[in-house]
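Participant: heads up, no residue letters with this:
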């Protein structure tokens, strides 16, 4: 075995002192260079969840539907069909090289779903950038959108939904959280295992190069320093290869010869081989001489650490290697047997006639667990002290309304989602920008509703409540279109966990998420943690992004969020409270960033969800959308402006309680939903709301050519819809 | 009567076309792998949308060398019907089966949205169930759909009725305001001089079901069916 100064290399690759000593005791000798590399990636924060694992155990795993928790992605079962989904971060690569960073994020999450044996049917993205008027942030935002479009469009998986936020806290470290959903017959799911002594370990996909080395250990598991010269660690995407890989893999899985399969993503061959061996209680003996490489002279550790994209590792029944190989060859992909399953329980790596690594698989996938000290940050008391008395009531609420319409956080996201092919595969029933996105399932009468949610500023003000609000809002979004919330995937983005205040934010958010999901009975089936989201500008806002999937029992009954009929009645459910902390209004119009965020009543939310689902089932609504950032005023504008036809509205807030006018218009109280309906259904609806104990007020009508917002006799806003449309629709395009 | 949907590596609307034809419209349809040259007795060949070979070179520039394109050329010479959609249109141009070029969109970005099309020629195998001037609502999804042809050639094409679809407004108004990608003369689809080959950027297979928001795309596929049936009927009579 080669002799190097392994301890020094270990340190350079990010291993801690105690970890190196553990490696010595596991192996009973000094590690080789390759072994150090393998431990460094497998025990990195990104792959090993060192600081998060014990907290994630709080998350509920059970719900209304059968839950699947797999190695790389989880899901639920409905009507004999597995719906598999997962969200993952690609923050650091996207900050450094926005297009490739985001593109390879899409590639990776699609392969995670593919690895479960499911056909990827949709992608979603939750994106967080610095303000668009900051040139670097604007460059990052444009590059990320371009990367998602370039890769996602080419692979033929529609990008159907997501969210985009702009806050200064993301200037030095953007968040790119990508989610993929796949479906497969329940019995066709695959697992990431290697078992059956003598079965083949087959490498398929693209060749291995020197790109992405240390991507997960160095890039995703450390803070950004002053410079961003980590470009060599960013992977390069090849969506064409990915498209072929999807088709070839599904074809290969259908043969029944595949025992196990795993994406070679973060930590590449190291992660896939060791985790498959460990999961199958087997050993693996690999000869790297057979790995298809892009360039000559690669060292063993480089091959083991490379994060070259569009590769999968298969465990194939012996004597059927040729059949499987031919499928991948047909699609123009590499397919080589690089090793065999053994009964040693060890991952043995050979290269150029030498054993370069020989590690017990179970030890490699058992990284250390850390529970560092945590401490409530001191800023919280300072920032959560808002008093309405210190917020002057603007004389001109219409100008405040215009300002909010043009805030990129609230404005139309058309500039973004039109760059994504959101229709390919012909399943998108409710299109992006028109409410909660709903996908049909061909051959079924039911469908799948999808959403992502998280208001990072709420989480900054109160991570526990912020996380709960994210769950509640996602569930409300789904229920608004008629979907039963069925499962959650989470992507937890935080700063450096070794700093006590950041770690406190993380643990609070996980507890909030866990409590809310448990209360609603929604299982968390998969997820990802991204720490070290810090730059010289500081840590990002704590951002526990929620991806939620719901089941629409009758697809032909779903409703969109936009108004559809002149003269229909507009009704608001839920209570508007004197809450304005954390609001976009406060931030944009008054320049005040202060809390507390709105209150949340979980049991009311749960009742509201069930009420909404029952109303959609009985076709009481023409449209329904949840009231959130920007308050009722912005929700009304969205409903009026986002349909195929633009509508005016005339509403009166007189019956919403005696609140200050800005609170009425722009307050972000939770638990509210805005619907439109035919006048003749109003009485039925009012009776039902009363029966369910849901506050319900008639606000006005869909009518005219203006957005008219009144309180009694006083007109607060009167803006021609065409003007409102221009402001709202053009806001993001003005910057990019 | 049988449709064939060609599968190039990187095609991604192949199954969508297949599904629209088989499951929605009840037609006989088969996939044709790009490396084969047997067209399996198909009466109409569809080159579907997607990113054949990743479109890493010029769009469609590699696909045209696929073995099946030889067979498609022969098929065209024998009077067979070929419909190229989006990337399929690009492949037809690269193959020289249709004139012109498709440049990157004027705004430099991929565009996915519903557009309106005006039927400029309802007397083709692909539009025979439409009325002249009829307006169809069908989505586009492309990065390179900016059709270009020198003015004089476009004039000849127009005169011969080879311009089949133009982008327009909801009332049929053909103007710059309703030109999504910069195409010369708002051209969205053209046919060969014998009208047996048509290329179009919009995706009719995405507009075949009520639940997806439009059924206007059916008219194009059903026109093909009607035309082929008519031809067969005429053939029997002669």
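Facilitator: The structure has been received and is ready for your questions. Everything quoted here is computed from the prediction, not taken from an experiment. Residues are numbered from 1 along each chain as shown, chains lettered A, B, ... in the order given.
Participant: quick one, helices of the stretch 51-200 of chain A?
Facilitator: Here the stretch 51-200 of chain A has its helices, by DSSP state H, counting those that start in this stretch, at A:53-56, A:91-96, A:98-115, A:135-155.
Participant: and those: which comes nearest chain B?
Facilitator: Chain B lies closest to helix A:135-155 among those, at 4.3 Å (Cβ to the nearest Cβ). Using the backbone N, CA and C atoms, a C-beta is placed for each residue, glycine as well.
Participant: measure residue A:626 to residue A:453 for me?
Facilitator: As defined by Cβ to Cβ, to the nearest Å, residue A:626 lies at a distance of 10 Å from residue A:453.
Participant: and what of residue B:108?
Facilitator: Counting by Cβ to Cβ, the separation of residue B:108 from residue A:453 is 31 Å.
Participant: with residue B:115 instead?
Facilitator: For residue B:115, the distance to residue A:453 equals 31 Å [Cβ to Cβ].
Participant: then residue B:65?
Facilitator: Distance from residue B:65 to residue A:453, counting by Cβ to Cβ: 47 Å.
Participant: settle it for me: which of those two has more neighbours?
Facilitator: Neighbour tally, residue B:65 and residue A:453, criterion other Cβ atoms under 10 Å in any protein chain shown: the higher count belongs to residue A:453, 23 against 12.
Participant: partner residues bridging the more buried one?
Facilitator: Beta bridges link residue A:453 to residue A:546, judged by DSSP bridges.
Participant: that one contacts residue A:546, correct?
Facilitator: Yes: Residue A:453 is within contact range of residue A:546, at 5.0 Å (criterion: Cβ atoms under 8 Å).
Participant: can you list the residues of chain B near chain A?
Facilitator: For chain B, the residues in contact with chain A (Cβ under 8 Å from any Cβ of the partner chain) are B:9-10, B:12-13, B:15-16, B:19-20, B:23, B:49-51, B:53-56, B:109-114, B:139, B:141, B:143, B:203, B:205-206, B:208-209, B:211-213.
Participant: any stretches of chain B with poor pLDDT?
Facilitator: Low-confidence segments of chain B (pLDDT under 70): B:235-238.
Participant: all strands of it, in order?
Facilitator: B:2-7, B:28-33, B:44-47, B:81-85, B:101-103, B:111-119, B:135-142, B:146-148, B:163-168, B:187-191, B:197-200 (DSSP state E).
Participant: quick one: list the elements packing against the fourth one.
Facilitator: The contact analysis (3 or more Cβ pairs under 8 Å, 6 or more residues apart in numbering or on different chains; DSSP states H and E) places strand B:81-85 against strand B:44-47, helix B:67-77, helix B:87-94, strand B:197-200, helix B:218-237.
Participant: will you turn the ones you listed into CSV that also has distance to residue A:13 and mean neighbour count?
Facilitator: Below are these laid out as CSV (distance: least, Cβ to Cβ, whole Å; neighbours: other Cβ atoms under 10 Å in any protein chain shown):
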stretch, distance to residue A:13, mean neighbour count
strand B:44-47, 49, 28
helix B:67-77, 49, 17
helix B:87-94, 44, 28
strand B:197-200, 53, 27
helix B:218-237, 58, 16
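Participant: residue B:156 versus residue A:32, what's the distance?
Facilitator: Remark: distance between residue A:32 and residue B:156 (Cβ to Cβ) = 72 Å.
Participant: neighbour-wise, which of these two wins?
Facilitator: Applying other Cβ under 10 Å to residue A:32 and residue B:156 shows that residue A:32 carries more neighbours, namely 25 against 12.
Participant: surely the more buried one is in contact with residue A:359?
Facilitator: No: between residue A:32 and residue A:359 there is no contact under Cβ under 8 Å: 9.7 Å.
Participant: quick one: stretch A:142-157 near chain B?
Facilitator: Yes: contact of stretch A:142-157 with chain B (Cβ under 8 Å from any Cβ) involves A:149, A:153-156.
Participant: what mean pLDDT does that stretch have?
Facilitator: Averaging pLDDT along stretch A:142-157 gives 97.
Participant: all strands of the stretch 1-150 of chain A, in order?
Facilitator: A:66-69, A:74-78, A:81-89, A:119-129 (DSSP state E, counting those that start in this stretch).
Participant: export those strands as a markdown table, with columns for mean neighbour count.
Facilitator: Formatted as a markdown table, the strands of the stretch 1-150 of chain A follow (neighbours: other Cβ atoms under 10 Å in any protein chain shown):
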| stretch | mean neighbour count |
| --- | --- |
| strand A:66-69 | 16 |
| strand A:74-78 | 24 |
| strand A:81-89 | 27 |
| strand A:119-129 | 26 |
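Participant: out of the ones you listed, flag the one nearest chain B.
Facilitator: strand A:119-129 (10.0 Å).
Participant: pLDDT averaged over the closest one, what's the number?
Facilitator: Confidence over strand A:119-129 (mean pLDDT, whole number) is 98.
Participant: among the residues of stretch A:142-157 next to chain B, which pair sits farthest apart?
Facilitator: The two members of those with the most space between them (Cβ to Cβ) are A:149 and A:156, at 13.0 Å.
Participant: since that was my last question, I'll sign off now.
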